[in-house]
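Visitor: Predicted model, plus sequence, below.
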Amino acid sequence: MQRALPQQISDRFNFAAGVIWALRVIVAAIVVWGAVSTLTSGFYSASQWRDLFIFGLAQGGVYALIALGYTMVYGILGFINFAHGEVFMSGMMIGYFVADYLNEAGMWNGNPVLALLIVLVVSMLTSTGVAVLVERIAYRPLRESPRIVPLITSIGASFFIQYAFRGLFGAGVKSYPRMEALQGAITVLGVRILKVHVLVIVAVFIMMGLLYWFVEKTRMGKAIRAVAEDKEIAALMGVDIDRAIVMTFAIGGMMAGAAGLLYALVFNQVFFFSGFLPGIKAFTAAVLGGIGNIVGAMLGGIVLGIVESVGPILILSGLGIPAPHQLKDVVAFTVLVLVLIFRPKGLLGERLAEERD
Amino acid sequence: MALLEVRGLSKDFGGLRAIDHLDFHVEEGEIVSVIGPNGAGKTTLFNLITGLFQPDEGEIIFDGHNLVGLRPDQITRLGVARTFQTVRLFFNMTILENVMVGLHGRTRSGILDTILSLPRQREEEEFIRQQAIEALSFFGKRLVGFRLNQPAFVLSYANRRRLEIARAMATGAKLLLLDEPTAGMNPRETLELTELIGRLRDEKGYTIVLIEHDMRVVKGVSDRVVVLDYGRKIAEGDYEEVAHNERVLEAYLGRKAVRSA
Amino acid sequence: MSGNNHHPVLQLKNINTHYGPIHILRNINIEIYPGEIVCLLGGNASGKTTTLRTILGMVRPSAGEIYLDGERVDGLPTTEIVKRGISMVPENRRLFKRMTVLENLEMGAFLRHDQDGIREDLERIFELFPRVKERLHQKAGTLSGGEQQMVAIGRALMSRPKVLLMDEPSMGLAPVLVEQTFEIIQQINQHGTTIFVVEQNANMALSIAHRGYVLQTGRIVLADTAQNLLHNEMMRQAYLGEM
Amino acid sequence: MSTRRLATVTIFMVMVLILAACVGRRQAFECDDPIGCVEVPPGEPIKIAALQAISGAVASLGTDQVRGVEIAIDDRGGELLGHPIDLTVEDDLCSAEGGTTGAQKIVSDPQVIGIIGTSCSGAAVPASQIMSEAGLVMISGSNTSPFLTSLGGEKGNAWQPGYFRTAHNDEVQGAAAANFAYNELGVRKAASIHDGDPYTQGLAMVFNQVFEELGGEIVMATAVNKGDTDMRPVLTSIAAAGAELVFFPIFQPEGDFIVLQSKEIEGFEGVYLMGADGLLSDTFVESVGEQGKGMYFSGPASPEGPEYDEFVRKYEEKYGEKPIQAFHAHAYDAANMLFKAIEETAVVQDDGTVYILRQKLRDYLYNLKNFQGLTGTLSCNEFGDCADPKITVVRLDDPAAGIEGLRKNVVFVYEP
Amino acid sequence: MAEIAPVPEKAPVIEDVRLKAPEVSLERAAKLGGVAGIVAVFVSANGMVQAFAERDIISGVLSMGYTLLFLVPLIMAYLAAREPPVLEGFEAPEKGPRNVLAGLIVGALTGLIMAIFVLVASAVDMRRVFINISPQLLELLTFGQGMGGLVFLVGGCLLTGAVGGLMQLAEGRWRRALWGALAWTLLIGLLEVIVAQLFRGLGLGFLSPLFYAGTGGLTPLGTAVVFVLAFLYYWSVVPKVDMWQRRYAHMPAERQRSVRLSLTVAAVLLVAILPQVLGPFVSEVLDLVGIFLLMGLGLNIVVGFAGLLDLGYVAFFAVGAYTTAILTSPASPRWSPEMSFWAALPFVILAAALAGIIVGTPVLRMRGDYLAIVTLGFGEIARLLLLSDWLRPVFGGAQGILKIPTLSIGPIVFRTPVDMFYPIVGFCLVAAYISWKLKNSRIGRAWMAMREDEQVAEAMGVDIVEIKLKAFIVGAVIASFGGALFATKIGSVFPHSFSLLVSITVLVLIIVGGLGNIPGVVVGTLALVGLPELLREFQEYRLLAYGVLLILMMLYRPEGLLPSKQWVRELHEEELMQDAWLKMEEDRRRAQAQAAQGDLPARPEEA
């Protein structure tokens, strides 16, 4: 079904195909027109474009880390864990209290590496704990239910965590202390990059590499893949299903916790609602890349980050649309819709294994 | 001209050739069995004919129409209906509703007709109901009466198979494609269904293609048997001819099965 | 082959199983002795699959006991039961289609840590199924039906089970493959594995089994040697297809 | 058996209740007010309500004002004309539908005389209509949208009789900011950012308009969304456009991101940053710290003087923290205006019964002049705008001095 | 080859035995006790106990804060003391001291954990992190008695635990009546404003002071009356409902029809006077419920019938509201034709249908979760476009569109919420009729078939493209009715009213109500939109409670409050698939056996 796709579509969905073709042409025209007129206006310098790209890359890296949690849970349990944004927020929030304490103790700027490691561990542990707890309470009893049921539970869990955190820790915006070592920029290969962005990008790639290795090469990783494919048979092989699923949530939580700290370093702030939007974005990223696919989540996150950063200016401002940044999410979601129209399973979505008879 | 004519049909799945330049035809009123080892491409053939998959090459001519490129629902409206290897009913709908869905393609009424409850729509609903009950009645009393409003999942395995056939009949098809209609049935039920398949042709005038592993059924009903292996036709003819073909024995039947059939 | 032939390797004692409030299995008693092939016959939804699931700990029996080699195993998690020596070839084979054949076989040895033993067993399986060796690095989803059956059996053997459970091995297979499968079952049995086959195809199953049980609406209604069952009047009518 | 028991109990109860109700009736008062009167028998409370955003992301906005009203009540010993003051607090959710339900709940009690609220202009549109039709008065301490009162000297689209406010019409503040930027700072190219809130959008719009009228150029009028964190792209655009000043009358935390991230953008050095009263809070100053040095804020003149210090002391004593937003004093003034109007217009009977004439109350407020409040001298015009029209611009020079220090560092005063 | 073991000659035929019932598990009680303790600590630490300490349920006796705290051990103890469900083939369990013991264990553990919490909190100042663990809270928890007050705290927990356990001993009718009375007392205590309004509306305003103390909360007399009345209701009326239903089922068709008719008339009358009696505030809430109900009915078609998970449903609501606003308001920024509501309605329908097609077409090939995120995207796109500076000349941007005229039919003007109730109910009835009619038609069946198995539906001749688009269009049009009414009711539209939360709320309410079932949508809307509005006092804890409710609901009653049969089946499919048939086989055998004795026809009747 992969080959000669356009022709097939036009045969199979006559009406839809017409609309889709028209869409394709219109979108291409808009994008080209917008981009060309922005670029030819010379309004932005090359270094500004490069900066925008790097901002997007860093932001996208964080999305990607969060997206991994969505994608892994989806892969193994087949539903969207709406509460994952809150898992991310929880690590960031508890990390704040530790960071604040370390700052008062003078360690935050006295020994930044150790301080970061401590906060990282706390943040990851918190997120992992929350993720595992949510699985235990809200999802495990529902494993056999249709997928919409745990979806609703996860919405409930999301509200619950947000407002529980609000009740416990207050509604105010909490500011992470500034880490002097991360201020300013350095020049890498002639490109000026903020130090904090360097840290984020490096950390993201290390985390992703580790995760990829874990899932592909280790025994537990293999068990997780087996459970994702067929729980009952995996159990027959002696895999402890509960453990594999908890492991999945834990890994998602760890990634989210790490993302939480990175996010906090870039943006300095956290409050009980901080998980919501990044959560939605990361979920979008996971779908964009092909949900259930780990590499896809990474790719989706990064693409989304860059689109958000570069897209509004590149396309919209060239079209003369005022306040293009306001429409950043419109651009992001439009890209998602377009990608899914032409690749219904996302950028790297798995082609459903064709069953042989 | 044959009712169904398949010419040079090929289908690849990621480098795996499921159907390989297959030529195949079915005359009107015929019962043709398609047999072959697991993975020989039998169900793929059905999926290609009914438009669930698009062929890479070749033509499928049914009743003068080329089916290649048509959507499954269009193909069904032209008169090809099928059942599935793993019974695929609408399990949470009632038995009657299952069959009524089969009549969707033969009826017209839209949203406005329905909301306004126009006479035309009410007549059509009545027609749908009657046709559905008629199709179900073909299987005796098993699926009618108090069962009509039960959900499909309460049915036994054999009845599910029957319901699936009734649903296919309700589409008003000329050609029925039955994918392992007796799988999971006990010997008595199998025998009964074998008989019914014959009656489907004789009384109702359907042309039938079936995939079957049970040689007793194949022997019992087929006018002609087509044997597939690795997507190619390796033998064709009446049951006796095929059953004694060396290649078929080796690739598919084994000696015992022929003996016991 | 384990020591005493007069103690069952697997025993179900008064097993009752419920799904929700509904009583599915009612006082099931099954004994399987070392070296036997025992078959459990029954129509659709007679409780065959539930019996297997109960043995494997996927469903908890609401009453009764299960013994494996004299040890009580009911109530243990599936992992633990598999570790103690039961494995199963599921209905319709159900390989991990997105994993390679080798990975599938390795999954079969998931609980084992003796690398040498695993390698040995792999060799044994390649001996049994030379075709499998050729396809070792293909994704399991691309195999033909017969090959998949071999991998499924091989996978189950990789855990060196004391009892091998087989759920409807003939389901949906071409006649020649059914024949082959039952031959393989006999072959494995001769190598010393105790086998418990659940089948609808009574003819075939009884032709290789030593003993059989017949299950009807959750109760054992017949239990006898395979020979006797083949000649039992009720069996002949209901399951053997003589009319 | 049980049915009979049930019947007996019911009959008994009803009898008791009817008996209880028959006690006490008093002489009638002739009400000639066109929109009705409220009768407050002796010992019964005089009821007022607060309709404020007390949940969600803007909770601090409403909570601050509720506290202002509560202090105003405390200052009167909780009494008015010998009757206790009863305050009901409702949530306006900062949205039109929240304002509607809240207002409906308030007006469903016919004894309520006036409302202090709403927090958000969007909520005020339907809420003011509901209260107006029910004959109440409503005084807001933080609605600033021109359409609620007047726009360019004409009645606004959402104007309702009985609606007043002690907060500024955006027209004034926008003009003040633009004047300051053009005349004081000498800026000729400016940019503005709003966040899609009606308040911030309105303010940015007025700023843009006035700045261009003065002869300046708005090189970029752009917007972000609530919840955005990465402001670098939008700041890059502004830098590319060559703006000399950015006016962003938005809230926390988006405002913080703009300030903090602007330091990381090439070409942003030397660009003036200017926020509005939405950012005049302790948490903001703390959050931006040194990074916010040199930043300007426009806003209503900060209340000052011994009365205000006394007020802040009471606030801290009562709630354990410093004022959390900028509108507590406006709400305090609003409540006091309402109390004064009630005192001046109510009819008091000998037995202590008080009659409040609703139209008379409104008329009094429309004619109120030179009311001395914490926020200055308030005089209401025919559209309901009562605020002291003084706007100040302050500069953040010493983050360590906190919001108090910032408020005192006035660099510009605007009075139209 | 092994020797084959001997086999009994005759097949063993074993009669069904009665298995011994399992006992109440004390281990489970201990576990639940731990959970109860944690929940109680949580409720205290997040500020609820303190926030509601001032609010009395029974004036001067019981505050809402303490109620919340002690409900925890009460409910947990009740659950812990409940026997495991009785399975077929088992004996019925006997009740006894063990039940009470389980309750006591829960109470003791809750008390213990709370006591530890209080001790720790008073020793260590945690306020910098946990802002709500304040001295006032500790004072509340120790009843102002210093550490000695812990005795009361622990004693209270023990007592409520024991009561919870004892409740299990009560016979079914008693138990139900006690719980019912308790629940109603709390509810009437909470809904003070509404009940007072109800009294006024019925002309019984003088009753209010007898029931409610001026400072909030029920008077002791009011408490007693409410408790007794509710108890009597559950004691004597509720058990009869079953009987009435049975009697109804046995009536001849004609009687049934007349009963139905009179019930309908009663319902219509009730609906007609309801808003008059309940006053503007409750009417306002009902109006809101009605608008959400419209959306629920529409989304129920998309999700419940057709199985298309739509998370951006608010977009259609917005289309309805904004189209109405632009066409009717004189203050619309670009075009202002100033039509009447009714003249604008056809355009609203048209715009919504168009929006349905625009959203529907690109997602035709997507399934499940892909559909969910894309529709979510569309919802956000719609909101952002309405908000944008770019389209401000048309939609007014953040300033919205004001001055939308009130709804009127000829001389009748629907100004107040009480008036608006009627047109809203009218539209709801239309929408309910449309969905009922479509559900039982060719199109409805095609939707359901598609939901069950898209491929098979297509193979049966259902044009998936057409039918999906139809689902989107009908859903969109119904939502746009809601939007239109919303706009004219509020009188202004702002983009902020069309947030993702609305989409989520609507989805949640149809699932909580019971997916695919029209009465279920009504119940779900009342529970999830109406109740929170009535309980506005909970303020910021509303969403916390909402989250907990959703989780508990899905865990213990995933089919919703008023489920459709299909949805129940789907949720319990596995069990039913395996067993329904087993049961039938059994029934058939029995029937045959009986038929052999000449009692009954050999056909199994439906139970």
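Guide: Nice, I can see it. Numbers count the residues shown, from 1 in each chain, chains lettered A, B, ... in the order given.

Visitor: can you give me the strands in chain E?
Guide: Under the criterion DSSP state E, chain E contains strands at E:56-58, E:62-63, E:407-409, E:412-414.

Visitor: tell me which strands and helices the first one is in contact with?
Guide: Here strand E:56-58 is seen to pack against strand E:62-63, helix E:64-80, helix E:172-190 when contacts are counted using 3 or more Cβ pairs under 8 Å, 6 or more residues apart in numbering or on different chains; DSSP states H and E. Quick note: C-beta positions are derived from backbone N, CA and C, even for glycine.

Visitor: winner for burial among those?
Guide: Among the helices and strands packed on strand E:56-58, helix E:64-80 has the highest mean neighbour count (mean count of other Cβ atoms under 10 Å in any protein chain shown), at a mean of 24.

Visitor: pLDDT on that helix, on average?
Guide: On average, the pLDDT along helix E:64-80 is 90.

Visitor: ok, back up a step: redo the strands of chain E as JSON lines? Include distance to D:Thr100.
Guide: Shown next, in JSON lines, are the strands of chain E (distance: least, Cβ to Cβ, whole Å):
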{"stretch": "strand E:56-58", "distance to D:Thr100": "28"}
{"stretch": "strand E:62-63", "distance to D:Thr100": "31"}
{"stretch": "strand E:407-409", "distance to D:Thr100": "15"}
{"stretch": "strand E:412-414", "distance to D:Thr100": "14"}
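
Visitor: So which of those strands is the most surrounded?
Guide: strand E:56-58 (a mean of 23).

Visitor: who touches that strand?
Guide: E:62-64, E:67, E:185-186, E:189-190, E:213, E:215-220, E:223 (Cβ atoms under 8 Å, 6 or more residues apart in numbering or on different chains).

Visitor: From E:Leu278, how far off is E:Ala196?
Guide: Distance of E:Ala196 to E:Leu278, computed by Cβ to Cβ, to the nearest Å: 11 Å.

Visitor: my bad, should have said E:Thr406
Guide: 21 Å.

Visitor: before we move on, back to that, E:Ala196 and E:Leu278: which has the busier surroundings?
Guide: Set E:Ala196 next to E:Leu278 and count neighbours by other Cβ atoms under 10 Å in any protein chain shown: E:Leu278 wins out with 23 against 19.

Visitor: Look up how far E:Leu407 lies from the more buried one.
Guide: E:Leu278 is 20 Å from E:Leu407, by Cβ to Cβ.

Visitor: And for E:Ala449?
Guide: Taken as Cβ to Cβ, the span from E:Ala449 to E:Leu407 is 39 Å.

Visitor: And the longest helix seen in chain C, how far out from the chain middle?
Guide: Longest helix of chain C, by residue count under DSSP state H: helix C:175-190. With Cα atoms, centre = their mean, to the nearest Å as the basis, helix C:175-190 stands 13 Å off its chain's centre.

Visitor: Determine if any part of stretch A:122-131 is in contact with chain E.
Guide: No - for stretch A:122-131, no contact with chain E is found by Cβ under 8 Å from any Cβ of the partner chain; the gap never falls below 12.8 Å.

Visitor: Look up which helix or strand the residue in the stretch 101-250 of chain B that chain D sits nearest to falls in, please.
Guide: Closest residue of the stretch 101-250 of chain B to chain D, Cβ to the nearest Cβ: B:Ile115 (29.7 Å). B:Ile115 belongs to helix B:111-116 when assigned by DSSP states H and E.

Visitor: thinking again about what came up before, least confident pick among the contacts of strand E:56-58?
Guide: E:Thr215 (64).

Visitor: Tell me, what's the model's pLDDT at the nearest residue to A:Val196 once chain neighbours are set aside?
Guide: Residue nearest to A:Val196 in three dimensions, not counting chain neighbours: A:Leu182, with 4.6 Å by Cβ to Cβ, 6 or more residues apart in numbering or on different chains. We have a pLDDT of 85 for A:Leu182.

Visitor: Could you do E:Arg536 as well?
Guide: pLDDT, E:Arg536: 69.

Visitor: Kindly report the same for E:Leu582.
Guide: E:Leu582 is given a pLDDT of 54.

Visitor: try E:Gln399
Guide: 84.

Visitor: which stretches of the chain have low pLDDT?
Guide: You didn't say which chain, so I picked chain A. Along chain A, the model assigns pLDDT under 70 to residues A:1-17, A:350-357.

Visitor: wrong one, I was asking about chain D
Guide: Ranges of chain D meeting pLDDT under 70: D:1-28, D:56-57, D:320.
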